Every structure is written in structure tokens, then in C-alpha cells.
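A.B. asks: fold the following for me, if possible:
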Amino acid sequence: ECLAADNYDLVVTDHGLPDGTATEWIAELTARPDRPVVIVITGSTAIETAVECMRRGAFEYIVKPFSLDQLEVAIEKAENFSQLVKVNRFLSREPLADDGRELLGDSPAMQQLRELIRRIARTDATVLIQGESGTGKELIARAIYRDSPRNGAPFIRVNCAAVPENLVESEFFGHEKGAFTGALNRREGRFELAHTGTLLLDEVSEIPLNLQAKLLRVLQEREFERIGGTKTIQVDVRVIASTNRHLEDSVARGEFRQDLFYRLNVVPIHVPPLRERREDIPLLAKNFLQRFARQHGSPARELSPAALAALQDHRWPGNVRELQNVIERAAILCGANGILEPTHLGLTKPITVETTPARPPSPLAQATPSASQFPTLDEVERQHILEALKRCEDNRTHAAKLLDISVRTLRNKLKEYGYGRAETEESTTPAARAG
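C.D. replies: Predicted structure coming up:
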């Protein structure tokens, strides 16, 4: 009856039961979707009994009489095994995150970055990594993990921007069976899976405001409850957060809690964009070329001086990720002589916004600086987002995909520029309400 009502991580049973032996029951337990770890206690010293129990799926076999210390050791081993199974099950569903990019570069900025990683890796301090999309924030998080004392424990990543808003809490903290519609089984959250290891909160700026207080409590107290549960679960987790936004600006706009920002910003790391370390471009390009030539069976072996010059002249708004994609495409298109030319790179000039008189100006266009002014980086970003929306005929899902950002990030940007408010006002006009 208990097993029908809930799932259990551990079952300790005597081999001799009132209605027979535990042998058949063990097979039934281990056939469940969320199979528990089974420890069998018996007074029999027969080797055959132990072999049969283990063959049926028992994790441990303890012979009477036994001490409490023996039982505690067996339970601790079972707990560690159960944690490994859960982490392995989670990781088997995750796509491979390491795409082969390394923290390459001999520029002063990269040398300082590697030194900072070396110094903070051996601590348990919370780290906030800030940088543009494509600069390698996850690679830095993994480098910190690999050099830390926790490198033998799980490294769990959650993309906060990719999780639907109504499922973020369940993704972080898990839920009990029946906690909400569709919760057919108990599920461990990412914090629980990362116990004794490292948790990367990627795009932490996209966490809903109403959940930020709960995240703050976990960071401070190292404890939480699953959705629908009453048991307080304590965890030992090192948290690394990353974002491509300026969290200080989000705090000023009331979109991110100030106390959570201070709690995450214990050790800040700023990742420089590729355009600020152009001396690393040849090294990165040659490394990518060698890898993709092997991967695709391409004859590509070197870049021509003109191709290297073209790479140096490009602004790289997509940073290292964009460079990697450009070199992969060039390696595939390379001719039989094995030399990459500028035509193989397919580099284009940055997108500029054209004026369309037939179309009424949006709040974004009205905020665009005049041609006589030199635009700031924020203004260029704003123009770029407007052009993406224009090309996608205001379809935000397609525009977000084109920009390689989440729909939520795009929505926040549009709200920041006043674009969302303008649409809201239009949708609340009398005519719209009547419809």
C-alpha cells in the first residue's frame, strides 16, 4: 500500500517475510520505474541465498547479527549510489554541453582571466560571470569546476531562459507526487541533483521576480522544500551564475532583486568580447580549423593572409561562437588546395536599419540616434533587434531564434525600450477590448 502511494529511495527488508521470502518482492521492487535501492537483512549464511538476492537486484546483503555501524555504512553507500543514478539519468537526457571550445588566447585579458579562475576555483565562493553571448561563459564555469575540490561531484547546468516560467520552481527544487496536474511521480530538482557538486545558473537574469526570493533563501540557508512537500532538504552546492545582461541595470529597473544580486556577486568575472582581444583571433581560428577539418574530412589546412585579415577586421557581434561557426562553414566549403580564402568565410557587414516611410515608426525607431551621431553599443543593439523584428515581420519567436537569444530575453529588451508598453497600449484600446 505504501509503495502504491509513493516512491521510495531506499528499502531495508528482512529476507524472511510473514508470507514467504523477500526474493520475489525484490524483483518486483527493482522493476519499478523509480526503483529503490534494496538492502536485505538475513540470518542465513548460505552463499546461494545472497547470490539469488543480488541477482534479483538487491544492492546490499547484511547477515545477522550485525551492528548499527554496519547498517549505517550500508545506508550511506546506498545513498551515494542513489545520487549517482539520479545524476546519470539527468545527464543522459542533457545534450553535450562541451562543444570543444577551450579557453584559448595569449592576450593579457585571457591571461588575467585564467589566473583569476585558478585563484577562485579552490574556494567555495559564489561566482557571477557576466559577458556578451558567445564569449564562453559556460566554458569558464566548467574550468572553475574542473580545478575545484568538487570536481569529482556532479556539475549540473540549468538554462533559466529556456525553462517555461511556470516550471522554473519545479526545475530548481523538484516536486512531490501529485503536487500539481501532471506530477505523476516525485522528481528531484537541480539543486538536489547537484548536492556536493556545482550548479550553474545560466542566464540567471531571466529568473522570474517572484522566484528570486526563494533562490535567495537557498543561497543563504542551503535548504529548501520540494513543491508540495513539507520536508526541508539541506544541500551542499557551489553556485555559479552567468548572464549576458548588466544585472546592475536590471536591479535599477526593479527587474532583479538587489539582495540576490549582492549574494551572487561575491566573485564577479567579466568576460571580454572577442573584439577587445583581437590578437587571439588567429590562434582561435587555427584551432577551430584543425578540429573541423578532422570532423568533416575536409582538406582545409590553413588560412590565407587575406582570410586572416578579414577575420581581424570583422566586429564579431557573436564573439567566439560566431568565429567558430564561420570557420566550420569555411572548412566545409574549402577547395582542394586546403587554403581558406575570404570568400569561404562568408562574412557580411553589420546589419543597419533602413528607413521605411510607408511603415509607421515604432518606439524603437523613434529612439534611434540620428546618422550624424556615433551610436553607442546599446543603440547598436537596439537597432539590431529592430531589424530582426522587421525581417521576421514582428514574429518574436522567429526574431529570438535569429538573434540567438531566448524569447524571454527579447521580451525584456523590448520592454526596456518601451516597445512592449506601446503594444500593450494598442491592445487595450476600446476597439481591442471590444474585440
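A.B. asks: which residues does the residue nearest to residue 157 when sequence neighbours are not counted contact?
C.D. replies: Spatial nearest neighbour of residue 157, chain neighbours left out: residue 200 (4.3 Å); criterion: Cβ to Cβ, 6 or more residues apart in numbering. C-beta here means a position set from N, CA and C on the backbone, and glycine is covered the same way. The contact partners of residue 200, taken as Cβ atoms under 8 Å, 6 or more residues apart in numbering, are 138, 141, 155-158, 240-242.
A.B. asks: the residues you listed in strands, which ones?
C.D. replies: 155-158, 240-242 (DSSP state E).
A.B. asks: now distance to residue 319 too, for those, in JSON lines please.
C.D. replies: As requested, these are exported to JSON lines (distance: Cβ to Cβ, whole Å):
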{"residue": "155", "distance to residue 319": "23"}
{"residue": "156", "distance to residue 319": "25"}
{"residue": "157", "distance to residue 319": "19"}
{"residue": "158", "distance to residue 319": "22"}
{"residue": "240", "distance to residue 319": "19"}
{"residue": "241", "distance to residue 319": "19"}
{"residue": "242", "distance to residue 319": "14"}
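A.B. asks: let me know the closest of the residues you listed to residue 22.
C.D. replies: Checking the ones in strands among the contacts of residue 200 against residue 22 with Cβ to Cβ, the nearest one is residue 156 at 34.8 Å.
A.B. asks: before we move on, the earlier item: ok, so of the contacts of residue 200, who is nearest residue 410?
C.D. replies: For the contacts of residue 200, the nearest to residue 410 is residue 242 (18.3 Å; Cβ to Cβ).
A.B. asks: just checking, that closest one touches residue 205?
C.D. replies: No. Between residue 242 and residue 205 there is no contact under Cβ atoms under 8 Å: 9.2 Å.
A.B. asks: and these two? Which one has more around it.
C.D. replies: For the pair residue 242 and residue 205, the greater number of neighbours falls to residue 242 (26 against 23), based on other Cβ atoms under 10 Å.
A.B. asks: touching the helix or strand containing residue 268 from outside, list them.
C.D. replies: Per DSSP states H and E, residue 268 falls inside strand 267-270. Identification of contacts with strand 267-270 by Cβ under 8 Å, 6+ apart yields 113, 116-117, 120, 123, 125-131, 140.
A.B. asks: same thing but at 6 Å, please
C.D. replies: Contacts of strand 267-270 from elsewhere in the structure, counted by Cβ atoms under 6 Å, 6 or more residues apart in numbering, are 120, 125, 127-130.
A.B. asks: quick one on the thing from earlier: secondary structure class for the residue nearest to residue 157?
C.D. replies: Per DSSP: H, G, I helix; E, B strand; the rest coil, the local secondary structure of residue 200 is strand.
A.B. asks: need the pLDDT of it.
C.D. replies: Looking at residue 200, its pLDDT reads 95.
A.B. asks: just residue 70 next, same as before
C.D. replies: For residue 70, pLDDT reads 84.
A.B. asks: wait, a helix at it?
C.D. replies: Yes. Assignment of residue 70 by three-state DSSP places it within a helix.
A.B. asks: show me the shaky parts of the stretch 101-250 of the chain.
C.D. replies: Residue ranges of the stretch 101-250 of the chain with pLDDT under 70: 101-102.
A.B. asks: what are the ranges of the helices in it?
C.D. replies: For the stretch 101-250 of the chain, helices defined by DSSP state H, counting those that start in this stretch occupy the ranges 108-121, 137-146, 168-173, 190-193, 209-221, 247-252.
A.B. asks: contacts for the first one, please.
C.D. replies: If you take Cβ under 6 Å, 6+ apart as the criterion, helix 108-121 is touched by 143-144, 147-148, 267, 272, 277.
A.B. asks: top of those residues by neighbour count?
C.D. replies: residue 144 (28 neighbours).
A.B. asks: any figure for the gap between it and residue 151?
C.D. replies: 10 Å (Cβ to Cβ, to the nearest Å).
A.B. asks: same question for residue 172.
C.D. replies: 23 Å.
A.B. asks: for residue 84, same thing?
C.D. replies: 15 Å.
A.B. asks: ok, back up a step: out of the ones in strands among the contacts of residue 200, which comes closest to residue 257?
C.D. replies: The closest of the ones in strands among the contacts of residue 200, once distances to residue 257 are taken by Cβ to Cβ, is residue 241, at 12.9 Å.
A.B. asks: hang on, the earlier thing: nearest to residue 254, out of the contacts of residue 200: which one, please.
C.D. replies: Closest to residue 254, out of all of these and judged by Cβ to Cβ, is residue 241, at 19.1 Å.
A.B. asks: ok, what's across the strand from that closest one?
C.D. replies: residue 128, residue 201 (DSSP bridges).
A.B. asks: am I right that it is in contact with residue 204?
C.D. replies: Yes. Residue 241 is within contact range of residue 204, at 4.0 Å (criterion: Cβ atoms under 6 Å).
A.B. asks: now the helices for the stretch 301-435 of the chain?
C.D. replies: Going by DSSP H, counting those that start in this stretch, the stretch 301-435 of the chain shows helices at 305-313, 319-333, 342-345, 363-366, 377-391, 396-403, 407-417, 419-427, 430-434.
A.B. asks: residue 292: how many residues sit nearby?
C.D. replies: 20.
A.B. asks: disregarding residues adjacent in the polypeptide, which is nearest to it?
C.D. replies: residue 331 (4.1 Å).
A.B. asks: out of the helices of the stretch 301-435 of the chain, nearest to residue 187?
C.D. replies: Going by Cβ to Cβ, the one of the helices of the stretch 301-435 of the chain nearest residue 187 is helix 407-417, 22.9 Å.
A.B. asks: quick one: work out the angle between that closest one and helix 396-403.
C.D. replies: If you take axes from the mean of the first three to the mean of the last three Cα atoms, to 10 degrees, helix 407-417 sits at 100 degrees to helix 396-403.
A.B. asks: still on that earlier bit, could you dump the helices of the stretch 301-435 of the chain into TSV and include mean neighbour count, distance to residue 210 and mean pLDDT?
C.D. replies: Listed next are these as TSV, based on neighbours: other Cβ atoms under 10 Å; distance: least, Cβ to Cβ, whole Å; pLDDT from 0 to 100:
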stretch	mean neighbour count	distance to residue 210	mean pLDDT
helix 305-313	15	45	94
helix 319-333	20	32	93
helix 342-345	18	46	91
helix 363-366	16	27	46
helix 377-391	18	26	82
helix 396-403	17	22	81
helix 407-417	19	14	82
helix 419-427	13	19	46
helix 430-434	8	27	40
